[in-house]
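S.K.: With the input below, show me the fold.
(one chain, ligands or ions: 1)
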Amino acid sequence: MPGTHILVLGGTAEARQLAAELAARPATRVTTSLAGRVAQPRMPAGDVRIGGFGGPEGLGGWLREQEVDAVVDATHPFAAVISAHAAQAAAAVGIPLCVLRRPGWSAGPGDRWHPADSLADAAAQLPALGRSVFLTTGRLGLAAFADLGQLRFLVRSVEPPEPPLPPHTHVLLARGPFTVEGERELLRTHGIDVLVTKDSGGPATAAKLTAARELSLPVVVVRRPPAPTGVALAPDVAGVLELLGGLLSRAAAGRCP
Ligand code: NAP
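M.R.: Residues are numbered from 1 along each chain as shown. Down below sits the predicted model:
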């Protein structure tokens, strides 16, 4: 990939791994874009820009201005808005896009999972499942749980959660990866009897699921938004690198008469 500029839409561990791989390649410039939600993000290799683009048009303008050759959407599986914008902008500018989506988790023997279509659906299910909730769905959208005054919540997030929060809430600021021992201890110490999680997938935050299984706790699992369709999709960094090679060669061949 000589003389290529790749934009990685980041905010995940895989995006950092990808940036490190690309930055180590000769004649390759990699820029990672972060949304700016976290005050002290883990910085990737290569160039970094922070903050929204101003919708798909803003992103398209940036791609043209910075002469980007390909975009990798390596955002979190629940970051559906930026993924849709990336697809629109790459198509409008006429450059390849590939999407890195780590696989979701799947239930195994002993798991007591309750699928939910949204945070509101998860909140509606909770009163029938427990009284003391470990809520690990991130710092946003917790208003869905704010009316559950009869339940106690332990909310864990990297940055302080955005109000409104449920009245009986204890906030724990922490960033993964987490261990099964640590998660087991946390569940016991706080007397947790139900866990709520997004189906984020990946190893960094999976230990809570193992701990919940060991303690036979119910887990409400919020389903992912649908994966983008009609785009090149890979489950990991190696897959994206392979896809990128092919996409960039085809794009270069298309430009040659
Ligand atoms: P979102 O709902 O899909 O995006 C909302 C807006 O935030 C986008 O329209 C865009 O603003 C801006 N944005 C999002 N990701 C961006 C990026 N990588 N670079 C520049 N601008 C970005 O996304 P979100 O759920 O707020 O997630 C934001 C970031 O946090 C993502 O990078 C994601 O990987 C990470 N993250 C999300 C979750 C989650 O559960 N959603 C969990 C962990 C990490 P403009 O329209 O102005 O361009």
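S.K.: Contacts for the host helix or strand of A124 next, please.
M.R.: Here A124, judged by DSSP states H and E, is contained in helix 119-125. Helix 119-125 is contacted from outside by 114, 116, 137, 141-142, 144-145, 147-148, 196, 220, 222, using CB atoms under 8 Å, 6 or more residues apart in numbering. C-beta coordinates here come from the backbone N, C-alpha and C atoms, glycine included.
S.K.: and what of stretch 137-144?
M.R.: 37, 78, 118-120, 122-123, 135, 155, 157-166, 196-198, 222.
S.K.: Where do the strands of the protein begin and end?
M.R.: 4-9, 28-34, 47-50, 70-73, 97-100, 112-116, 132-135, 152-157, 169-173, 194-198, 218-222, 232-234 (DSSP state E).
S.K.: Only alpha carbons, please: show the helix holding A124 as CSV.
M.R.: Coordinates of each C-alpha in helix 119-125 appear next as CSV, following Å, rounded to 0.1, in the frame of the first residue of the first chain:
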residue,chain,number,x,y,z
LEU,A,119,-32.0,-0.1,27.0
ALA,A,120,-35.7,0.7,27.6
ASP,A,121,-36.6,-3.0,27.0
ALA,A,122,-33.8,-4.0,29.5
ALA,A,123,-35.2,-1.6,32.1
ALA,A,124,-38.7,-3.1,31.6
GLN,A,125,-37.4,-6.6,32.3
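S.K.: If we go by neighbour counts, what in that helix is buried?
M.R.: 119, 122-123, 125 (16 or more other CB atoms under 10 Å).
S.K.: quick one: that helix near the ligand?
M.R.: No: figure legend: helix 119-125 not in contact with the ligand (CB under 6 Å from any ligand atom); closest approach 10.3 Å.
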